[in-house]
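Asker: I would like to see how this sequence folds:
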Amino acid sequence: RRPSPLPLNDAVLLAEVLPTAYEVGVRNGEVGPGDTLVVVGAGPVGLACVVVARLYSPRRIIVVDLSSARLEAAARVRPDAAELPGKMIAELSEGPGAEAVIEASGEPDGFVLCTRAVRAGGHIANIGTHGKPVTLHLESLWRKNVTISTGQVDTYSIPWLLELVRFGRLHVSQLVTHTFGLDRMEDAYEVFSHGTTTGALKVVLHRE
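Answerer: Next comes the predicted model:
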């Protein structure tokens, strides 16, 4: 049951976005205090991971994406860095790497970036929905003792997350970027389907 003070735009994020970010991303990725966390993919679930991960006090949160519009949207949730994959990933792969990496793009190249960014003994949590084959480069991973997790959300965490949102421990309203009335449903889907150019994260339809 939704507490009456909880805004509808916040409540709708509890249906799937926040539980996925927590259960499949942050929890499976074993994000912990002092960790470096890399999120590959600045879509709504990837950025929800940034918001939820702060509960576990990581030292640094880095978001990478190929879309400049998505990187601008990422600034709303204030990661420590939001940039194109390139120099940052190269520095991580050549240095100690990240303790936790979350794949939230669903792209084959995104998964490869995760394997480059993760440190020895680190975790890769796959959230992205992969619609085409992904290459697992065991020739470069086998010596790193990396844990890779996959899965889908079962939403057991909704009551806990609801209370965190309700009492201001999770600030999620910035994940909703566009709202439309039901009479503009086609416009809403058009904006959402081109999120990499429109900057749309979550699009909410309201009955007016």
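Asker: what sits against the residue nearest in space to the middle of the chain?
Answerer: The centroid of the chain falls nearest to Gly46 when counting by CA atoms, centre = their mean (1.3 Å). The neighbourhood of Gly46, defined by CB atoms under 8 Å, 6 or more residues apart in numbering, consists of 21, 39-40, 63, 65, 102, 104-105, 127. Any C-beta I mention is one placed from the backbone N, CA and C, and that applies to glycine too.
Asker: what's the answer for His171, then?
Answerer: With contact set as CB under 8 Å, 6+ apart, His171 has these partners: Val51.
Asker: also Leu175?
Answerer: Per CB under 8 Å, 6+ apart, neighbours of Leu175: 13, 17, 44, 47-48, 51, 76-77, 201-202.
Asker: how about Ile61?
Answerer: Under the contact definition (CB under 8 Å, 6+ apart), the residues listed for Ile61 are 37, 39, 50, 53-54, 79-81.
Asker: that one: what secondary structure?
Answerer: At Ile61, secondary structure determined by DSSP: H, G, I helix; E, B strand; the rest coil is strand.
Asker: and the pLDDT for it?
Answerer: Ile61 is assigned a predicted lDDT (pLDDT) of 97.
Asker: before we move on, the earlier item: quick one: which of the contacts of Gly46 has the most company?
Answerer: The member of those surrounded by the most neighbours (other CB atoms under 10 Å) is Val39, with 36 neighbours in all.
Asker: the protein: strands as residue ranges?
Answerer: Counting by DSSP state E, the chain has these strands, from start to end: 36-40, 60-64, 81-83, 98-103, 118-126, 147-149, 176-181, 202-206.
Asker: tell me which of those sits most buried.
Answerer: Between those, strand 36-40 has the highest mean count of neighbours, a mean of 30, where neighbours are mean count of other CB atoms under 10 Å.
Asker: list the neighbouring strands of that one plus their orientation.
Answerer: Strand 36-40 pairs in its sheet with strand 60-64 (parallel), strand 98-103 (parallel), by DSSP bridges.
Asker: so where do the helices sit in this protein?
Answerer: For the chain, the helices defined by DSSP state H cover 8-11, 17-19, 44-53, 68-74, 87-94, 108-117, 138-141, 158-166, 185-193, 195-198.
Asker: ranking the ones you listed by burial, who's on top?
Answerer: Neighbour counts (mean count of other CB under 10 Å) averaged over each of the helices of the chain peak at helix 44-53, with a mean of 27.
Asker: quick one: average confidence on that helix?
Answerer: For helix 44-53, the mean per-residue pLDDT is 96.
Asker: next: stretch 88-96.
Answerer: 83.
Asker: kindly export it (C-alpha atoms) in CSV.
Answerer: C-alpha atoms of stretch 88-96 as CSV (Å, rounded to 0.1, in the frame of the first residue of the first chain):
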residue,chain,number,x,y,z
MET,A,88,38.7,6.5,-17.1
ILE,A,89,38.3,2.8,-18.1
ALA,A,90,41.9,2.7,-19.4
GLU,A,91,43.2,4.1,-16.1
LEU,A,92,41.1,1.5,-14.1
SER,A,93,42.3,-1.4,-16.3
GLU,A,94,45.9,-0.4,-16.0
GLY,A,95,45.6,0.4,-12.3
PRO,A,96,44.0,-1.4,-9.4
